[in-house]
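Q: Okay, predicted coordinates and the sequence, questions at the end:
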Amino acid sequence: MVAGVVVALLGLGLAALGAWGYRSADALAPAALDADERAHRGRVLRSGAVGCCLAGVVLLVGASVGLVRG
């Protein structure tokens, strides 16, 4: 029971971090880079954020299944 709650909280945190990273990708890219490299970094950060969101959702689903099954 406790492990399921911990995994659910971890999943929620990962999903929230990914959502924040996706929204903030342009601001997180270093300003010292030229425009093309900065745009590339923004795309890379967004793809990592999507992966983080997906991992969070997988953890949330796994935790909820584990909690429902008992």
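A: Yes, it's here. Residues are numbered from 1 along each chain as shown.
Q: Now name the helix or strand holding residue 30.
A: Taking DSSP states H and E as the definition, one finds residue 30 inside no helix or strand.
Q: just checking, it touches residue 41?
A: Yes. Between residue 30 and residue 41 there is a contact at 7.1 Å, judged by Cβ atoms under 8 Å. Quick note: C-beta positions are derived from backbone N, CA and C, even for glycine.
Q: between these two, who's got more neighbours?
A: Each of residue 30 and residue 41 has its neighbours counted (other Cβ atoms under 10 Å); residue 41 has more, 16 against 8.
Q: nearest residue to that one other than its sequence neighbours?
A: Excluding its sequence neighbours, the residue lying closest to residue 41 (Cβ to Cβ, 6 or more residues apart in numbering) is residue 29, at 4.0 Å.
Q: repeat for residue 46
A: residue 25 (4.6 Å).
Q: what about the residue nearest to residue 41, how many neighbours?
A: The local packing of residue 29 (other Cβ under 10 Å) involves 18 other residues.
Q: Next: residue 47.
A: Based on other Cβ under 10 Å, the number of other residues close to residue 47 is 12.
Q: buried residues in whichever strand or helix holds residue 62?
A: Element membership for residue 62, per DSSP H and E: helix 35-69. Using 16 or more other Cβ atoms under 10 Å as the test for burial, helix 35-69 gives 41, 42, 45, 46, 49, 52, 53, 55, 56, 59, 60, 63.
Q: Contact partners for the second one?
A: If you count contacts by Cβ atoms under 8 Å, 6 or more residues apart in numbering, residue 42 has them with 25, 26, 28, 29.
Q: repeat that for 6 Å
A: Counting by Cβ atoms under 6 Å, 6 or more residues apart in numbering, residue 42 touches 25, 26, 29.
Q: Now the second one: closest residue in space that isn't a chain neighbour?
A: Counting by Cβ to Cβ, 6+ apart, residue 26 lies nearest to residue 42, which is 4.9 Å off, once chain neighbours are set aside.
Q: what pLDDT does the one you found get?
A: Among the per-residue scores, residue 42 holds a pLDDT of 95.
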